[in-house]
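In: fold the following.
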Amino acid sequence: MGASSLSAAPVIAMPVRFLPPAGLLRSLVGLALALLLTACSGTTAGLNGYQSPDGRYAFLYPTGWIRAQVSGGPSVVFHDLINSDETLSLVISEVTPESDLTSLGSPVAVGEALRRNVIAPVGSGREAELVQAEERQQAGRTFYDLEYAVHLQDRDRHELATVVVDRGRLYTFAASTNESRWGKVKDLFQQVVTSFNLLV
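Out: Residues are numbered from 1 along each chain as shown. Reported below is the predicted structural model:
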């Protein structure tokens, strides 16, 4: 039998299985999980989630902030432990059941109404200027994003807010800080304020 008879024999490829050692397998799984968690939390690093007990709304707030109990004020208040005058608040107001946000007015009109009636009402000792007002669509709902410069007797402050209407309720979610800190927290506050979402 020569080489020709050997070459005529069929060649059967047998699959080769490589089984990594158990330690290497654990390392690979751990690396995959770490990459997955980093990818999922990349945009929310340094933020925690809050959901209302009734499951109606949720938002993000900065890590290291704590919830404060306030009677007769906003429904929810958080503040920074270190810079305690940096606050996050949610005010829920009643509106007529058939109202939607656009029926209350344009972003500028609603922003000005909040400025006059909530942020700097007559006799409060505060003055406020509406710096910016924009409309945003999220999950099929209309939000107005508002920015204010607030002037107090002893200092200036900056505030971001978003407002949305749902089922006869006007939700006003706002973050506020001293003007001296605004440049440092602007991006964080923007992320926090626009995280507010209605779940039902």
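In: buried set for stretch 112-122?
Out: Buried positions in stretch 112-122, judged by neighbour count with 16 or more other C-beta atoms under 10 Å: 112, 114, 115, 119, 120. Backbone N, C-alpha and C define where each C-beta goes, glycine included.
In: just the element for the nearest residue to residue 102 once chain neighbours are set aside, please.
Out: Using C-beta to C-beta, 6 or more residues apart in numbering and skipping residues adjacent in sequence, the residue nearest residue 102 is residue 142, 6.2 Å away. Of the helices and strands defined by DSSP states H and E, residue 142 is found in strand 141-151.
In: for the very next helix or strand once past that strand, packing partners?
Out: As assigned by DSSP H and E, the chain's next helix or strand after strand 141-151 is strand 156-166. For strand 156-166, the contact count by 3 or more C-beta pairs under 8 Å, 6 or more residues apart in numbering; DSSP states H and E identifies helix 101-104, helix 107-114, strand 141-151, strand 169-178, helix 179-193 as packing neighbours.
In: closest to residue 84 out of the ones you listed?
Out: Of all the helices and strands packed on strand 156-166, strand 169-178 sits nearest to residue 84, with 11.0 Å by C-beta to C-beta.
In: using PDB, write down the CA coordinates of the closest one.
Out: Extracted in PDB, the C-alpha atoms of strand 169-178 (Å, rounded to 0.1, in the frame of the first residue of the first chain):
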ATOM      1  CA  ARG A 169     -51.300  66.300  39.500                       C
ATOM      2  CA  LEU A 170     -48.600  68.700  38.700                       C
ATOM      3  CA  TYR A 171     -45.100  67.300  39.700                       C
ATOM      4  CA  THR A 172     -42.400  69.900  40.200                       C
ATOM      5  CA  PHE A 173     -39.000  68.300  40.800                       C
ATOM      6  CA  ALA A 174     -36.100  70.700  41.600                       C
ATOM      7  CA  ALA A 175     -32.500  70.800  42.700                       C
ATOM      8  CA  SER A 176     -30.900  73.900  44.200                       C
ATOM      9  CA  THR A 177     -27.400  75.000  45.200                       C
ATOM     10  CA  ASN A 178     -25.400  78.100  46.000                       C
END
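In: can you list the strands that that strand pairs with?
Out: strand 87-94 (antiparallel), strand 156-166 (antiparallel) (DSSP bridges).
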